[in-house]
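Peer 1: Please find the sequence and the predicted model below.
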Amino acid sequence: MVLKFDAYSTDGFYDELFLPNGKPRPVAQPLVTLINELEDGELLNRQKAAEASFMDNGITFAVYGNEAGADKIIPFDIIPRFIEANDWNRLEKGLKQRTHALNLFLNDIYGDRKCIRDKIVPESMVETCNAYLPQMQGFVPPRGVWAHITGTDLVRDTDGTFYVLEDNMRCPSGVSYVLQNRQVLKRTFPRVFSQCSIRPVDEYCSQLRHALEYMAPDAVKNPKAVVLTPGTYNSAYYEHSFLSQQMGLELVCGNDLVVRDKHVYMRTTRGLVTVDVIYRRIDDGFLDPLEFRSDSAIGVPGLMEAYKAGNVALCNAPGSGVADDKAIYAYVPQIIKYFLNEDQIIPNVPTFICENPKHRQHVLSNLNKMVVKAVSESGGYGMLVGPQASEAECEEFRKKIEEKPRNYIAQPMISLSRVPTISGDQFAGRHVDLRPYIIQGKDIFVLPGGLTRVALREGSVVVNSSQGGGGKDTWVIAANDKAPEQGQARHWVQQQQQQQ
Amino acid sequence: MLSRVADSLYWLTRYVERAENIARCIDVNLQLQLDLPGEDRPWEPVVQTSGDAELFFQSYGRATLENVLMFLTADRNNPNSIISCIAQARENARCVREAITSEMWAALNKFHLVLTGSDVQKRILDDPHEFYTEVKECSQLFVGIADCTYSHSEGWHFLRLGRFFERADQTSRILDVKYYILLPDPAMVGMALDTVQWLALLKSASAFEMFRKAYSSVTPQNVSNFLLLDPTFPRSVFFCLSAMEESLKQIIGPTKTIGEKSLRKLGKMRSELEYTTIDEVISGGMHERIDALQTDFANLGKCIFSDFFNGIS
């Protein structure tokens, strides 16, 4: 028998679909039953159909250096990851709490700095952040919101506990894959899907548009929001384009915008049209060549002046990256306590700050047991996975840490949870993380689920797509009290199917 | 609408239309070749019609069937090959993906995949008719999907403007070249005719059946009249100019604060054709008339660019 779960083993890891005794978790039962009943080869056919659908719809990323048209799809595995209703409710509360606290923290850092005076976070830690922008000191962004869109990376340890692994407050990417993965998977497993009471993800783009428009300057009645992209050669261009299309907003490049008298306009076939809100997918440093990097060809000269004059909103606000610095991360539990007087709902992974001499000593003597990360890197770069690293690699990091301790943190190795994944002609457990997306507008909205990233190489725990990672759909199960309305809809759908 | 987006819409549809015209022209000539088995070098005129003869002879030497098909279809070094056109169309679409509908993008993307498959060369040579039919259908599918899924507002009118611009240009070119090959000397008008060739000319503009309904005899006057001046046939130059004018007026809107140069230029071109007769054109020289038309097209293109795409710097 090929591609059945008979021989699948959880190998002592927390498995999102199976219990340690090898039985499916109740939420995954319908899917496991279906797959075990499929004819040989059918599952692979569905996997291929899913991949073809990504290709046909051009849901691809450009491979740098290849000739035009040589696009690749992000590897996608059709076995979804499940999250039970209770788990999700707790995660949702925890994510709202964290986002709220980090926004208050940013307001304070760029404002009165009470949390520094009260010794919650050391001043030196803030001022040495790469993402800290001194020119924003004293500035209050529209509605006091800094990070409008947040992607928080979560992992699950052997005992099933969720941890926050890192925060992403600088326009995180990937949400378009969540929405597209869902479209594809609904077609892949329609019947199982309708049996499982899965919470929909369709609301994201409406929520995002409302949040963006909410940030417009006060006097504006019908705000014009746009999405600003670095251009078609950016690897996330697909996402920029998809989100603007789904929101019904214009997608602009730097050259499409012009600043006159501290107001931002876009060039249209009918002349200049005022822009009130910019969802910018360009890094801080490239936004405005007059304010930041003067060699930026993708930015808009004068944009920051217009922003500081309050004539346009930028989402996320420049300088938000202070809150996702990997060293600041270690202080988040205290930040939550200080600003909200609450205990952290989703715990941090214990973190050693190499700047701290005691912590550094501990890290250096346990390098082969820890994961070391550069504080301002992302995408899985600048990382040492101690237990899987060679001696030479450990030595290299020892030197780096000793040279610039502020640039590094270390964490104990977490045994990331696994999900069965198609590997050749069998299922194999592969490690996953989870990136939920949080939007802060008038209220805080958490998209049910998020991007489940899977490390496709056996044993690997690095899930980034730049490092051989892929994606899975994430199925958040609806709580029972939400069921009736959806149940009726399902009933109707089933009737339709029977009639056909 | 952003100037950059309008620009891309206009060009993406021009490229799609161009690809369809190339496919149609090749297909007709494949059929023609079967009817004229003794013909020497039957593929050279096809290369001439494409306007890229120089480039062709530089890289291929002889105008064999295989060489011509590859050059016009799958050669990325030929900027006017079908693959180059569709790659350009897709790249333009990719830049404005959010401004068009998902269905339009998917249709164009599939079109591109049809041309980039690893077996494309084999498919072209094994069954060219089937292959070029598919190319034509991909183009028509795209136009149909745009019609049914995309709001008929400014963006759609830019698409339409580009499509009819390209079509008018192609029809006039094909008429020019064929007319020259078949009737190199105006004195030959009225002499015994190679009807098969004139029918082929009609077919390469998908005009044969509609021509038949309008005329009983295949004469150079009738064919030229139909392709140049017919008010209802959707590939005639006059029809295309009228359609462009409609769309341009919709783009400009009732206030007429923009696009004045383009509208004046296009209106002039359209009315000149509207009030001319085919006898006037033929006695004045078909080639000279079409040459003038080509100059007008080039100038109109410049007007459209400066009126709408240039942006305000």
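Peer 2: Looks like it arrived, so ask away. Residues are numbered from 1 along each chain as shown, chains lettered A, B, ... in the order given.

Peer 1: What is the burial count for residue B:288?
Peer 2: By other Cβ atoms under 10 Å in any protein chain shown, the residues close to residue B:288 number 10. For the C-beta atoms, the positions are set from N, CA and C on the backbone; glycine is no exception.

Peer 1: Just the pLDDT for it.
Peer 2: The model reports residue B:288 with a pLDDT of 92.

Peer 1: For it, give its distance to residue B:299.
Peer 2: 17 Å (Cβ to Cβ, to the nearest Å).

Peer 1: Kindly report the same for residue A:319.
Peer 2: 51 Å.

Peer 1: sec struct for residue A:90, please.
Peer 2: helix (DSSP: H, G, I helix; E, B strand; the rest coil).

Peer 1: my read: it touches residue A:347, true?
Peer 2: No: assessed by Cβ atoms under 8 Å, residue A:90 is found out of contact with residue A:347, at 11.4 Å.

Peer 1: wait, what's in contact with whatever residue of the stretch 1-150 of chain B ends up closest to chain A?
Peer 2: The nearest approach of the stretch 1-150 of chain B to chain A comes at residue B:98, 3.7 Å away (Cβ to the nearest Cβ). Residue B:98 sits next to A:227, A:240, A:241, A:242, A:243, A:244, A:245, A:249, A:250, A:251 when contact means Cβ atoms under 8 Å, 6 or more residues apart in numbering or on different chains.

Peer 1: more crowded one of residue A:319 and residue B:299?
Peer 2: Using other Cβ under 10 Å as the criterion, residue A:319 and residue B:299 rank with residue A:319 on top: 24 against 14.

Peer 1: Is that one in contact with residue A:110, as I believe?
Peer 2: Yes: if you go by Cβ under 8 Å, residue A:319 and residue A:110 touch, sitting 6.5 Å apart.

Peer 1: joint contacts of the two?
Peer 2: A:136, A:146.

Peer 1: so residue A:349 touches residue A:413, yeah?
Peer 2: No: with contact defined as Cβ under 8 Å, residue A:349 does not count as touching residue A:413 (9.7 Å).

Peer 1: Tell me how far residue A:21 lies from chain B.
Peer 2: Using Cβ to the nearest Cβ, to the nearest Å, we find residue A:21 at a distance of 45 Å from chain B.

Peer 1: If you tally nearby residues, what's the number for that residue?
Peer 2: 6.

Peer 1: a strand runs through it, doesn't it?
Peer 2: No: under three-state DSSP, residue A:21 sits outside any strand and is assigned coil.

Peer 1: Next one, pLDDT for it please.
Peer 2: pLDDT, read off for residue A:21, is 90.

Peer 1: Measure how buried residue B:175 is and give me the count.
Peer 2: The burial count for residue B:175: 25, using other Cβ under 10 Å.

Peer 1: What's the first helix or strand after the helix or strand that it is a member of?
Peer 2: Here residue B:175, judged by DSSP states H and E, is contained in helix B:154-182. Sequence order places helix B:195-204 as the next helix or strand after helix B:154-182, per DSSP H and E.

Peer 1: Go through stretch B:249-267 and flag the buried ones.
Peer 2: B:249, B:250, B:251, B:252, B:258, B:259, B:262, B:263, B:265, B:266 (16 or more other Cβ atoms under 10 Å in any protein chain shown).

Peer 1: The stretch 201-350 of chain A: helices as residue ranges?
Peer 2: A:204-214, A:237-247, A:303-308, A:332-340 (DSSP state H, counting those that start in this stretch).

Peer 1: Residue A:415 contacts residue A:160, correct?
Peer 2: No: the pair residue A:415 and residue A:160 does not pass the contact test of Cβ under 8 Å, sitting 11.1 Å apart.

Peer 1: Next to chain A, which bits of chain B? Give me the list.
Peer 2: B:1-6, B:87, B:90-91, B:94-99, B:102, B:105-106, B:109-110, B:112-113, B:116, B:154, B:251, B:257-258, B:308-309, B:311-313 (Cβ under 8 Å from any Cβ of the partner chain).

Peer 1: Could you tell me which of those count as buried?
Peer 2: Counted by 16+ other Cβ under 10 Å, the residues of chain B next to chain A give B:1-6, B:87, B:90-91, B:94-99, B:105-106, B:109-110, B:112-113, B:116, B:154, B:251, B:258, B:308-309, B:311 as buried.

Peer 1: Out of those, list just those in helices.
Peer 2: B:3-6, B:87, B:90-91, B:94-95, B:105-106, B:109-110, B:112-113, B:116, B:154, B:251 (DSSP state H).

Peer 1: Spatially central residue in chain A, please.
Peer 2: Central residue of chain A (Cα atoms, centre = their mean): residue A:151, 3.5 Å from the mean position.

Peer 1: rewinding a little: so which two of the buried residues of stretch B:249-267 are the farthest from each other?
Peer 2: Farthest pair in these (Cβ to Cβ) is B:250 and B:265. Separation: 17.0 Å.

Peer 1: returning to what we had before: find residues that contact each of residue A:415 and residue A:160.
Peer 2: In contact with both residue A:415 and residue A:160: residue A:14, using Cβ under 8 Å, 6+ apart.

Peer 1: ok, the two, which is more surrounded?
Peer 2: Higher neighbour count among residue A:415 and residue A:160: residue A:415, with 15 against 11, using other Cβ under 10 Å.

Peer 1: can you tell me the helix or strand for residue B:55?
Peer 2: Judged by DSSP H and E, residue B:55 forms part of helix B:53-59.

Peer 1: what is the mean pLDDT for that helix?
Peer 2: Per-residue scores along helix B:53-59 average to 91.

Peer 1: Which elements pack onto that helix?
Peer 2: helix B:44-50, helix B:65-73 (3 or more Cβ pairs under 8 Å, 6 or more residues apart in numbering or on different chains; DSSP states H and E).

Peer 1: Mind listing what's buried along it?
Peer 2: Buried, per 16+ other Cβ under 10 Å, within helix B:53-59: B:55, B:56.

Peer 1: What's the biggest strand in chain A, counting residues?
Peer 2: strand A:426-435 (DSSP state E).

Peer 1: Show me which positions of that strand end up buried.
Peer 2: Those would be A:427, A:429, A:430, A:431, A:432, A:433, A:434, A:435, for strand A:426-435 by 16+ other Cβ under 10 Å.

Peer 1: From chain B, how far off is residue A:336?
Peer 2: 37 Å.

Peer 1: per-residue confidence at that residue?
Peer 2: Looking at residue A:336, the pLDDT reads 97.

Peer 1: For burial, what's the neighbour tally of it?
Peer 2: If we define neighbours as other Cβ under 10 Å, then residue A:336 has 23 of them.

Peer 1: who's in contact with it?
Peer 2: Counting by Cβ under 8 Å, 6+ apart, residue A:336 has contacts A:97, A:98, A:101, A:342, A:343, A:344.

Peer 1: Ok, residue A:49 next?
Peer 2: With Cβ under 8 Å, 6+ apart, residue A:49 has these contacts: A:187, A:188.
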